[in-house]
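Asks: need a structure here:
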Amino acid sequence: QVQFVESGGGLVQPGGSLRLSCVVSGFTSERHAIGWFRQAPGKERERVACISSSPGSTYYGDFVKGRFTATRDNAKHTVYLQMNSLKPEDTGVYYCAATSRSSCHKPFDYWGQGTQVTVSS
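Replies: Numbers count the residues shown, from 1 in each chain. Below you'll find the model as predicted:
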């Protein structure tokens with residue numbers, strides 16, 4: 001059974017930083033692309049970033065604009081999302097997800113429960 005344990009969310013002021021973590025278990029995560037998604041109230045879910053399996057290519061949503069960095073540590077089965085220069089519009093529930101293949105261009109079949117990120121003064 002595939003499981004994701006997401007952590008690192010919270011309340012932060014505009015301009016601040018957060019680092020999200022996602023520990024993956026139940027399959028050989030290094031063989032799968034892992035993505036970060038977010039959903040704000042009343043809005044559709046959007047992809048924030050995705051890292052393909054090793055050797056990994058990383059893709060970001062246009063709105064990231066150099067503020068976020070996604071990395072993965074296959075030895076720890078963990079994926080990270082470092083978020084800097086946070087804005088109020090970055091508020092939402094952030095989800096970790098995985099494809100059943102190595103590519104970020106495949107459907108994401110496995111999803112975590114999400115962690116809340118709130119950017120507010």
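Asks: quick one: low-confidence parts of the protein?
Replies: By pLDDT under 70, the low-scoring segments of the chain are 55.
Asks: center of it, which residue is that?
Replies: Centroid-nearest residue in the chain, with C-alpha atoms, centre = their mean: Trp36, separated by 2.3 Å.
Asks: does that residue count as helix, strand or coil?
Replies: Secondary structure, DSSP: H, G, I helix; E, B strand; the rest coil: Trp36 is strand.
Asks: surely it touches Leu20?
Replies: Yes: with contacts counted by C-beta atoms under 8 Å, Trp36 reaches Leu20, the gap being 7.1 Å. For glycine as for every other residue, the C-beta is placed from the backbone atoms N, C-alpha and C.
Asks: what do those two both touch?
Replies: Among the neighbours of Trp36, those also in contact with Leu20 (C-beta atoms under 8 Å, 6 or more residues apart in numbering) are Leu81, Tyr94, Cys96.
Asks: tell me the strands beside the helix or strand harbouring the second one, with direction?
Replies: Read that as Tyr94. Using DSSP states H and E, Tyr94 falls within strand 92-99. Using DSSP bridges, strand 92-99 pairs in its sheet with strand 34-39 (antiparallel), strand 108-111 (antiparallel), strand 115-119 (antiparallel).
Asks: for stretch 113-121, list the C-alpha coordinates in CSV.
Replies: C-alpha atoms of stretch 113-121 as CSV (Å, rounded to 0.1, in the frame of the first residue of the first chain):
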residue,chain,number,x,y,z
GLN,A,113,-3.5,13.7,2.4
GLY,A,114,-2.1,17.2,2.0
THR,A,115,-0.6,19.8,4.3
GLN,A,116,-2.0,23.3,4.8
VAL,A,117,0.1,26.3,3.9
THR,A,118,-1.2,29.7,4.9
VAL,A,119,0.6,32.9,3.9
SER,A,120,-0.8,35.8,5.8
SER,A,121,0.3,38.8,7.9
